[in-house]
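# starting from these lines, generate the structure:
(2 chains)
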Amino acid sequence: MSNVLELVNVRKSFDTELVLNNLSLSVPDHTATVLIGASGSGKSTLLRCINLLETIDDGQIFLDGKEISDPLINVDEIRRNLGMVFQSFNLFPHKTVIENITLSPIKVHGKSKDEANSHALALLKRFDLSDKADQYPDRLSGGQQQRVAIIRSLAVNPRLLLLDEVTSALDPVLVNEVLSSVRDLKLDGMTMVLATHEMGFATQVADEVCFLESGSIVERGTPEQVLRNPVNPKTQEFLKRVHQAGRL
Amino acid sequence: MTSPGWEIFKATFFDLGYGVEVFPTVIKGLWINLQLTFIGGAAIGVIALGLALMRTTKSPALTPFRFLATAYVDIFRGAPLILIILLVGFGVPALGLSGIPSNVIFLGTVAVVLTYSAYVAEVIRSGILSIHPSQRAAARSLGLTSGQTMRFVVLPQAIRRVVPPLLNDFVSLLKDTGLVSILGVTDAVRAAQINASRTFNYTPYVVAAILFLLITIPMTRYTDRAIRQRTNAQNSEGAI
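Numbering: from 1, shown residues only, chains lettered A, B, ... in the order given. Reported below is the predicted structural model:
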């Protein structure tokens, strides 16, 4: 299996604060890597660095073997192959659901409006949102908005999907509809990197779980290893706290 | 109405017959105001947008433009409009440059455009800055270039947010076009003044004021309605 994504000794700091410390990661094709860790451990920054929304200070990032951390690279071209879903959905409020989904296919990928629309409608149908195509995002529930955001990132057939705590802004009832959508993507063989606080969900979709602490991956392995039988005391402590909070 | 001067006041300010008589000259002047407003307004829109984009750019390559735009806004927002009109209106013809019209209407419009572009640029800039960075991040993560992000995601939301202050500027633009009369242009206010100083009857001023209100009030109401309709369509809480 080839690696879709490869991070080698990535370092990133904001001013004097080191947020990613010599972090290395490999994501093989059709697998899901789940990042867990406390808030501020670097999960979101890591995803933003992969998407080139942040520049790294040191190290290398490869996408399908091509170095994308090269400062001279055309970032827009790289991002065309990456999908990203945010914690706060970030749908465009002035555009309808279908306009949100077709913006990139039409303007970035040069698809015709008809082609983009029919692809978008097919995706909406698949995620049971056909009747929302012409609604504005604010008329949708949080779960529906997040599913639209997922569809929006899928509409460009990304090589890799990055999901940044996609359920953290949702109430427990709505969490499930979004998680089940992500689970479907996993079954389709989509390669994903996810940051999440939902440990049960992590167990279901992850091929590899990485526990981040202060910008480093301190423990990694299968969900069984990391979530059930952690060896690192920091992982044990984190999972204990999660368990106490009733999230495991 | 029981005041001792009421009868004289009524005769001097609300003389219906005289009002009808001066109406054609005042409305002819108002046509000048309207032309200045719409032609100037279009130019202001374009220049102000350019200035706002330059001031909000983060690209290091465009830093000199950012400084220039900032200096422009500082100067033209800081100097009184009437001074700019006088400087442009009398200064440019004195330069004797060929190819530049010395028509006072043209020069007056240029002066108004110079000043108002600075104001409107700041309004548009505040709109751009009010859009949350996450909108930009979402657009860029979809592969849109920074230009596309500005055009399709940031500006449409930013402009919509600043419609009320923009309308405010548009109304004051319509009124401030009257200032070009100091260069000798006969706009509505000037036409009223000429009539009033001839007869010492001030009804023409009232006629001019009513004509201005007849334009500005419907314009305000229309914009309010447009904003409300848009808000209701986009927000579920539109009624609150």
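# would you say residue A:78 is within a helix?
Yes: Residue A:78: assigned to a helix according to DSSP: H, G, I helix; E, B strand; the rest coil.
# helix or strand: which one has the residue sitting nearest the centre point of chain B?
In chain B, the C-alpha closest to the average C-alpha coordinate belongs to residue B:173, at a distance of 2.9 Å (CA atoms, centre = their mean). Here residue B:173 sits within helix B:163-176, counting by DSSP states H and E.
# what's downstream of that helix, the next helix or strand?
Using DSSP H and E, the helix or strand that follows helix B:163-176 towards the C-terminus is helix B:188-199.
# output that following helix as CSV, nothing but the C-alphas.
Once side chains and other backbone atoms are set aside, the C-alpha atoms of helix B:188-199 remain, and they are given as CSV (Å, rounded to 0.1, in the frame of the first residue of the first chain):
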residue,chain,number,x,y,z
ALA,B,188,-30.7,72.9,-7.2
VAL,B,189,-29.4,74.8,-4.2
ARG,B,190,-27.7,77.4,-6.3
ALA,B,191,-30.8,77.8,-8.5
ALA,B,192,-32.9,78.3,-5.4
GLN,B,193,-30.5,80.8,-4.0
ILE,B,194,-30.4,82.8,-7.2
ASN,B,195,-34.2,83.0,-7.2
ALA,B,196,-34.4,83.8,-3.5
SER,B,197,-31.9,86.6,-3.6
ARG,B,198,-33.7,88.2,-6.4
THR,B,199,-37.1,88.4,-4.6
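# list the helices and strands that helix packs on?
Using 3 or more CB pairs under 8 Å, 6 or more residues apart in numbering or on different chains; DSSP states H and E as the contact definition, the elements that helix B:188-199 packs against are helix B:16-56, helix B:203-234. Yep, even glycine has a C-beta here, placed from its N, CA and C like the rest.
# give me the buried positions along the helix or strand that comes right after the first one.
Pointing back at helix B:16-56 there. Later in the chain than helix B:16-56, the nearest helix or strand by DSSP H and E is helix B:63-78. With burial defined by 16 or more other CB atoms under 10 Å in any protein chain shown, the residues of helix B:63-78 counted as buried are B:65-66, B:69, B:72-73, B:76.
# need those in a markdown table (columns: distance to residue A:133 and pLDDT).
Putting the buried residues of helix B:63-78 into a markdown table (distance: CB to CB, whole Å; pLDDT from 0 to 100) gives the following:
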| residue | distance to residue A:133 | pLDDT |
| --- | --- | --- |
| B:65 | 41 | 93 |
| B:66 | 41 | 93 |
| B:69 | 41 | 95 |
| B:72 | 45 | 96 |
| B:73 | 43 | 95 |
| B:76 | 46 | 95 |
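# CSV for these, including distance to chain A?
What follows is the buried residues of helix B:63-78, written out as CSV (distance: CB to the nearest CB, whole Å):
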residue, distance to chain A
B:65, 22
B:66, 21
B:69, 25
B:72, 29
B:73, 27
B:76, 31
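# can you lay out those residues as TSV showing distance to residue A:95?
Compiled in TSV, the buried residues of helix B:63-78 are given as follows (distance: CB to CB, whole Å):
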residue	distance to residue A:95
B:65	30
B:66	29
B:69	29
B:72	33
B:73	31
B:76	35
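# okay, now the domains of chain A?
Taking automatic domain parsing as the domain assignment, the record places the domains of chain A at A:1-74+A:160-248, A:91-158.
# of all those, which lies closest to chain B?
Relative to chain B, the nearest member of those by CB to the nearest CB is domain A:91-158, separated by 3.9 Å.
# measure the closest one end to end?
Between the opening and closing residues of domain A:91-158 lies a distance of 18 Å (CA to CA, to the nearest Å).
# residue ranges with poor pLDDT in the chain?
Answering for chain A, as no chain was given. A:1, A:247-248 (pLDDT under 70).
# meant chain B actually
Regions of chain B meeting the criterion pLDDT under 70 cover residues B:233, B:235-240.
# what residues does chain B put near chain A?
Among all residues of chain B, those adjacent to chain A (criterion: CB under 8 Å from any CB of the partner chain) are B:134-135, B:137-145, B:148, B:152-153, B:156-157, B:160, B:233-236.
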